[in-house]
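Engineer: The following comprises the amino acid sequence and a computationally predicted model.
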Protein chains: 2
Amino acid sequence: MTLVTDPAAPRIAIVGATGAVGSTLIELLEERALRHRELHLVASSRSAGRLIPVGGRPYEVQALEDFDFGLVDLAFFSAGTGVSAEWVPGAVAKGALVIDNTNAFRMDPGTPLVVPQVNFRTLDEPPESGIIANPNCSTIPLVRVLQPVERRWGVRQAVVSTYQAASGQGHHGVEELLEGSELALRDPDAELPAERFRPPLAFNVVPFIDVLQDSGFTLEEEKMVRESRKILDLAHLDVTTTCVRVPVVNCHSAAVWIEADAPVDRDELIALLSAQPEVTVHDAENRAAFPTPLEAGHPDHVHVGRVRVSPHNPRGFWLWLVSDNLRVGAALNAVQIAEYVLGRGFLAGGTR
Amino acid sequence: MTLVTDPAAPRIAIVGATGAVGSTLIELLEERALRHRELHLVASSRSAGRLIPVGGRPYEVQALEDFDFGLVDLAFFSAGTGVSAEWVPGAVAKGALVIDNTNAFRMDPGTPLVVPQVNFRTLDEPPESGIIANPNCSTIPLVRVLQPVERRWGVRQAVVSTYQAASGQGHHGVEELLEGSELALRDPDAELPAERFRPPLAFNVVPFIDVLQDSGFTLEEEKMVRESRKILDLAHLDVTTTCVRVPVVNCHSAAVWIEADAPVDRDELIALLSAQPEVTVHDAENRAAFPTPLEAGHPDHVHVGRVRVSPHNPRGFWLWLVSDNLRVGAALNAVQIAEYVLGRGFLAGGTR
């Protein structure tokens, strides 16, 4: 696909361009032909000098340390929370609008936390901080279904157990899973690599993602609660979660139990969810149909299945969610934020 | 290990002796030196004639069709619900007490459904039907923790998401997972076997176990509700569940959310669970410690970790459970029933 450059469009940088989310951002820029005048690929000095083809021509990766953010209007950051904490303020000071895919600024009051399908209105004004934060991969599909349910029936409580893929730990996470799986198949007593996942993820499930917080929950688990509250603007929303890594390459799943404030009708629930943008409900007609990471369907949709109201609690129901964590849960959401911002016209070069 | 045969002990048959649960039963008979006078290994005619070493000597597998249950005092059945439905009544008519590991008689009012650590009192009298039912693999660990919680605080609701291993589908399930994983590693586009698991389980998670019921829940999911109610003798217990198969060879896990009727203190909860027989709590001291299928520890224990009370709902808490589904979830429970029954003395040959 050729990338059309547009002299009236913004100059864009992708920081973390060699990572799993960065590569997906580049893919989406091509697929969706996001308007831009220039594209800069930025990464750590280790990757500097690498050539990455975009829209048919090679782009040289530039070292973050040497990059001048004064050259761009919009910068996507997806190189880890530490990198964003250190470099985003400088990029903003140089005049770039930042769409940050890390945890660094999500809870900052001057930074909107945006899922365009859910709270695009928070982008009606340019962000105070100069930053727009992209939520965590497992928060995004959840709020996409939680918002319509909350508006229709009210949510007393959401109880979420996740089944998160190795790609959430980037390329290295996927490599570690595949390498460990190969070793384990060859020799069941082999010592498996356990750098990204401890204990090893191959033929295992690991109920611990990111670091422990004072509450006893992990950071991954706390993110889902506080991000959902901020995105849905419901300060007391009761979301509770156990986040578990599973030996899947890509696509996060979640078993979501929602107890509403009023009885829920399954047909109405399915109609409501089916009407959401980029949501596919698999078991509207055939109750035995459901999405899985390997066979979900459209990679840009939130996939819903196993929709069932409890026979002994008419206010409670289950949903099974599957979505591509690199696209829906990260890069696509960031690109959709950029598309919205371009449309609003408060980005340099984005007025036409 | 040598198997001691005891002239005063019962004659035992294992039906389904070549299957995953049957093999585990044989292992446990040896390990725990279950007293018996004779041992008969029974399976389908396909497996008849095979020699299986037990306690150092070979036992010939006999065909179920030809087997005379008048020769035994006690028969373990674990060859599938259909086989039990067809053959158990005849075995009982011939005078054998049956410990049945299938779904065939679990909800029969004349058949106790037993987890010895939880409701051994239901064995105070010989079962009316001549059958004692062993609960489903994912029900057993749940009721082991649910009972003490219910007695201490009351249970408003339990919300359970499972992470179930391939061995729940027997030897063939494990083979299919391993074969599929090998193929997928060699060629990501390979067509994977999908006979036991559909879609394929390798590098996937499949939220559908057993067949669909009218409620929209699967049979596996319904079992957990109704079996828990029967075992705990709580007709209105609110348990709701999503049962998911994961690419793990052996050991089921579950993320269990329990909302109690009163605020729960974490230290007291941990003390309570730690005091249960054959339950190990991993995060009593180190909150970052947790069990996984690959590294749970003692294969005969229910392993508990990630014990945490919700910061915004003091009555609600999470547990992460891991247990060996072939042992704790099936064969060990059956053997512990047999041990209890032998002790009670209402089994022929079990009076001494």
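Structural biologist: That came in fine, so what should we check first?
Engineer: can you give me the strands in the stretch 151-300 of chain A?
Structural biologist: Taking DSSP state E, counting those that start in this stretch to define them, one finds strands in the stretch 151-300 of chain A at A:155-163, A:239-242, A:252-260, A:279-281.
Engineer: just checking, what packs against the third one?
Structural biologist: The criterion is 3 or more C-beta pairs under 8 Å, 6 or more residues apart in numbering or on different chains; DSSP states H and E, and the helices and strands that strand A:252-260 contacts are helix A:139-153, strand A:155-163, strand A:313-323, strand B:155-163, strand B:239-242. The way it works is simple: take the backbone N, C-alpha and C, and place the C-beta from them, glycine included.
Engineer: mind putting these in a markdown table, distance to B:G22, mean pLDDT and mean neighbour count included?
Structural biologist: As requested, the helices and strands packed on strand A:252-260 are exported to a markdown table (distance: least, C-beta to C-beta, whole Å; pLDDT from 0 to 100; neighbours: other C-beta atoms under 10 Å in any protein chain shown):
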| stretch | distance to B:G22 | mean pLDDT | mean neighbour count |
| --- | --- | --- | --- |
| helix A:139-153 | 42 | 98 | 22 |
| strand A:155-163 | 31 | 98 | 25 |
| strand A:313-323 | 33 | 98 | 23 |
| strand B:155-163 | 23 | 98 | 25 |
| strand B:239-242 | 27 | 98 | 26 |
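Engineer: contacting residues for A:V61?
Structural biologist: With contacts defined as C-beta atoms under 8 Å, 6 or more residues apart in numbering or on different chains, the neighbours of A:V61 are A:A17, A:T18, A:L41, A:V42, A:A43, A:S47, A:A48, A:G49, A:R50, A:L51, A:I52.
Engineer: Out of the strands of the stretch 151-300 of chain A, which gets nearest to B:L269?
Structural biologist: Closest to B:L269 of the strands of the stretch 151-300 of chain A is strand A:239-242 (C-beta to C-beta; 15.8 Å).
Engineer: strands paired with the closest one, and their directions?
Structural biologist: Applying DSSP bridges, strand A:239-242 is found paired with strand A:155-163 (parallel).
Engineer: contacting residues around the strand it pairs with?
Structural biologist: By C-beta under 8 Å, 6+ apart, strand A:155-163 touches A:138, A:142, A:146, A:149, A:224, A:228, A:237-244, A:246, A:248, A:252-261, A:293, A:315, B:159, B:161, B:163, B:205, B:242, B:244, B:246, B:255, B:257, B:313.
Engineer: Swap in 7 Å and give it another go.
Structural biologist: Under the criterion C-beta atoms under 7 Å, 6 or more residues apart in numbering or on different chains, residues A:138, A:142, A:146, A:149, A:224, A:237-244, A:246, A:252-261, B:159, B:161, B:205, B:244, B:255, B:257 lie in contact with strand A:155-163.
Engineer: Give me the buried entries from those residues.
Structural biologist: A:138, A:142, A:146, A:149, A:224, A:237-244, A:246, A:252-260, B:159, B:161, B:205, B:244, B:255, B:257 (16 or more other C-beta atoms under 10 Å in any protein chain shown).
Engineer: Which of the helices or strands spans A:N333?
Structural biologist: helix A:332-344 (DSSP states H and E).
Engineer: Residue in the stretch 1-150 of chain A with the shortest distance to chain B?
Structural biologist: A:S138 (13.5 Å; C-beta to the nearest C-beta).
Engineer: Likewise for the stretch 51-200 of chain A?
Structural biologist: For the stretch 51-200 of chain A, C-beta to the nearest C-beta, closest residue to chain B: A:S161, 3.5 Å.
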